[in-house]
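S.K.: My questions are about this predicted structure, shown below with the sequence.
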Amino acid sequence: MNDQPLVSVLMTSYNREKYIEEAIKSVLSSTYTNFELIIVDDCSKDRTVEIAKNYAAKDPRIKVYVNEQNLGDYPNRNKAASYAKGKYIKYLDADDLIYYYGLEVMVNYMERYPEAGFGLSSVADHYKPFPIYLDPLHVYLEHYNGYGHLYRAPGSSIIRLDAFNEVGGFSGERMIGDIEFWFRIARYYSMVKFPAELYWSRIHEEQESKTDYAKKHYPKLTDQVEYNALRHTDCPLPAIEKSKILKKIKHRKYHRIIKRYF
């Protein structure tokens, strides 16, 4: 085993005793083994920490940290990244699973393109095989032409740690911190596309996306992230493209408001 892991798998947790054992086992089953698994618990009130520490006692690649106070989702993701020693960070939520081949594929594809700052799962491209390299302009263009790259969850990604730190990590914005981050890192760093089926995202009623708050505010917050990204001085899109996209967003927002009343 190498002393310095190439990739740091970051697992943030809060009251995930029902799921975290499966998540940990999925990482330990990886065909790629040069990793560390960093688990950062956000003041769970159940057996989450106990379960995690039981695994850490058996495998030196696992480190468990418990926050002194509850930080919330994206600040806790930043906290986890602060412990990372790897060249890459790979988020895996404590209620999700990574397939045994997922880590190997992500690391292998990123190593082929050392200038890329991050990689994301993508829908299939019928003109090119994976992995596919995109500069910032084409990340944005493809996002708005059916690929939706910048709507991905953290679990679908692998990120070069120095690039993550250079752009300041997650902003901490509730619910849309991941989308905001993708727009920001894609301004300055190229991306590698790889297949979608590398991890499994669990859907359950304890997730914030299922709350009334999320249903009410998420679309509006997403619109604001996009407005800010497109109006940023470093947005890689040419002015004519930005203008077209802003009109589409306004149209989408208008129809959402109309639908609310009819």
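M.R.: Okay, I see it.

S.K.: From residue 168, how far off is the residue nearest the centre of the chain?
M.R.: Per CA atoms, centre = their mean, the C-alpha nearest to the average position across the chain is that of residue 154, at 1.3 Å. Computed as CB to CB, to the nearest Å, the residue 154 to residue 168 distance reads 15 Å. All C-beta spots, glycine's among them, are computed from the backbone N, C-alpha and C.

S.K.: ok, back up a step: how about the residue nearest to the centre of the chain, nearest residue that isn't a chain neighbour?
M.R.: Excluding its sequence neighbours, the residue lying closest to residue 154 (CB to CB, 6 or more residues apart in numbering) is residue 91, at 3.9 Å.

S.K.: The one you found: neighbouring residues, count only.
M.R.: Close neighbours of residue 91, defined as other CB atoms under 10 Å, add up to 22.

S.K.: Please apply the same query to the one 5 residues further on.
M.R.: One way to gauge burial is a neighbour count; for residue 96, by other CB under 10 Å, it gives 20.

S.K.: Then the one 5 residues further on?
M.R.: Using other CB under 10 Å as the criterion, residue 101 is surrounded by 15 other residues.

S.K.: what's the answer for the one 4 residues further on, then?
M.R.: Burial of residue 105 is recorded as 21 neighbouring residues (other CB under 10 Å).

S.K.: End to end on stretch 198-206, go ahead and measure it.
M.R.: 23 Å (CA to CA, to the nearest Å).

S.K.: Can you name the residues in contact with that stretch?
M.R.: Outside of stretch 198-206, the residues within contact range by CB atoms under 8 Å, 6 or more residues apart in numbering are 15, 19, 92-93, 95-99, 101-102, 105-106, 121, 153, 155-156, 210.

S.K.: now residue 110, nearest residue through space, not along the chain?
M.R.: Nearest non-adjacent residue to residue 110 (CB to CB, 6+ apart): residue 119, at 5.2 Å.

S.K.: tell me the SS of residue 129?
M.R.: The local conformation at residue 129, judged by DSSP: H, G, I helix; E, B strand; the rest coil, is coil.

S.K.: Enumerate every residue touching it.
M.R.: The neighbourhood of residue 129, defined by CB under 8 Å, 6+ apart, contains no residues.

S.K.: That'll do, ta.
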